[in-house]
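Visitor: I would like the atomic coordinates for the input below:
(chains A and B)
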2 protein chains.
Amino acid sequence: MRQLFQQELADLKDDLVDIAQSVEGAMDRAVRAFNQSDVQLAEEVIAQDHLIDDAVRELDEQAIAILARQAPVAGDLRQVISTLRISASLERMGDLASHLAQLARYRFPEKVAPKGIRPTFKEMGALDLKMAGLVVGLLQDPNTKTVDEIRDLDDSIDALHLSVFETVLSEEFGSGTATVVDATLASRYLERFADHGVSISKKVLYLLTGEWDPDSSE
Amino acid sequence: MRQLFQQELADLKDDLVDIAQSVEGAMDRAVRAFNQSDVQLAEEVIAQDHLIDDAVRELDEQAIAILARQAPVAGDLRQVISTLRISASLERMGDLASHLAQLARYRFPEKVAPKGIRPTFKEMGALDLKMAGLVVGLLQDPNTKTVDEIRDLDDSIDALHLSVFETVLSEEFGSGTATVVDATLASRYLERFADHGVSISKKVLYLLTGEWDPDSSE
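Guide: Numbering: from 1, shown residues only, chains lettered A, B, ... in the order given. Okay, the predicted model is just below:
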């Protein structure tokens, strides 16, 4: 019984890592679709978002079943609760990858970002991918070092988010209104994606320390 | 023991309603700050957001303590799990009210929205407030009729969100880039606020029916 329970907890963890890897893959395709105006890649991300949603639903059901059958306490209980909260963040990260892909699809064959701001978006996209990779690593091997790295990375992404607004608002920008709307939304999606990485890292910290910190800083 | 447990569940529900009412109050002030460019009101919303965060943290701790001590099953377990998920949405709704207030504060003494689009934002704000009220009512008295009302209300808010973009992108709009950025963000915040109302209604539906539906439609 005890052994089965430990196996179920291990399965929860593996499933969470799998979902995080799917999110990483979706963001990788979304960022490329956005940067290169690749409509097929964009369609793929949008069409496959429901797979992440389905995996999250299954994982949640599994976690709730464990609560009902095993009535875990202490560290085991924390792990199951964290799983439920982390899966919600991963599901939202998948949505945000899909939103980014939708912008790419909507503007096709044009690129979403005008030339002057493309390097900034490229960097934001690359950092978001790094964030997704750190989240996968953190879920595989919970540790405070990666939690710190995630927080620092989020600071860099926030700084780029602000610089997008500075660029868009500068006189030299001179792009049309649609571009301003798109750039504002794209930057917001990329920034929120990273925020969820921070949320997840806080939940892992809860797992490590028992200190619960909801996302009060966002 | 059983009686104490039922009292604890009733307390969880009351606390959730209290937080929902705080969110409603925050959004009421944020919408007025935004519409009337009232910087004092905006400051209040921003300064008090941490009270909602604190209340959510306490509620979460309470819910987790109940899971550990009482090991609830079936409907009781569902209620505790729903509480954890609903509190997360309420916390985000508080953040979004604060974001809206920040836009108002940032543009003060100017109004955020230019004249042509003010009626649309007024309507969105009024509908978001209605959403907050429906959420309070639904948490007080879970029922499928309110779940349906919330879904319909969200459709109306989504339509207004689209109409903001149409207005902003129309040739007659003729406002500066900063205004376009602000209107895009404000509309997104108002739309997301309503999305969380739908999320909460889905979690209440889970409570009523046992069917779990993560936010796959967002």
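
Visitor: mind listing what the spatially most central residue of chain A touches?
Guide: With distances taken as CA atoms, centre = their mean, residue A:93 lies nearest the centre of chain A, 3.4 Å away. Residue A:93 is in contact with A:23, A:27, A:132, A:193, A:196-197, counting by CB atoms under 8 Å, 6 or more residues apart in numbering or on different chains. (Glycine included, C-beta is placed from N, CA and C.)

Visitor: Show the subsequent helix or strand relative to the one helix or strand residue A:162 maps to.
Guide: In the assignment (DSSP states H and E), residue A:162 maps to helix A:144-169. Downstream of helix A:144-169, the next assigned helix or strand under DSSP H and E is helix A:177-209.

Visitor: for residue A:207, what are its contacts?
Guide: Contacts of residue A:207 (CB under 8 Å, 6+ apart): A:75, A:78-79, A:82, A:142.

Visitor: What distance do you get for residue A:40 to residue A:190?
Guide: Residue A:40 sits 21 Å away from residue A:190, going by CB to CB, to the nearest Å.

Visitor: Below-threshold pLDDT in chain A: ranges please.
Guide: A:1, A:212-218 (pLDDT under 70).

Visitor: Tell me the residues of it that contact chain B?
Guide: A:50, A:53-54, A:56-57, A:60-61, A:64, A:67-68, A:71, A:73-74, A:77-78, A:81, A:84-85, A:87-88, A:91-92, A:95, A:165, A:168-169, A:173, A:177-178, A:180-181, A:184-185, A:188, A:212-216, A:218 (CB under 8 Å from any CB of the partner chain).

Visitor: What residue in chain A comes nearest to chain B?
Guide: Using CB to the nearest CB, the single residue of chain A nearest to chain B is residue A:71, 3.4 Å away.

Visitor: residues contacting that residue?
Guide: B:71, B:73.

Visitor: before we move on, what about residue A:52?
Guide: Residues near residue A:52 by CB under 8 Å, 6+ apart: A:19, A:22-23, A:26, A:90-91, A:94.

Visitor: 6 Å - rerun?
Guide: A:22, A:94 (CB atoms under 6 Å, 6 or more residues apart in numbering or on different chains).

Visitor: Sticking with it, tell me its helix or strand.
Guide: Per DSSP H and E: helix A:39-70 holds residue A:52.

Visitor: List the buried residues for that helix?
Guide: A:39, A:41-46, A:48-49, A:52-53, A:55-57, A:59-60, A:62-64, A:66-68, A:70 (16 or more other CB atoms under 10 Å in any protein chain shown).

Visitor: now the residue nearest to the centre of chain A: how far from residue A:185?
Guide: Relative to residue A:185, and taking CB to CB, residue A:93 is found at 16 Å.
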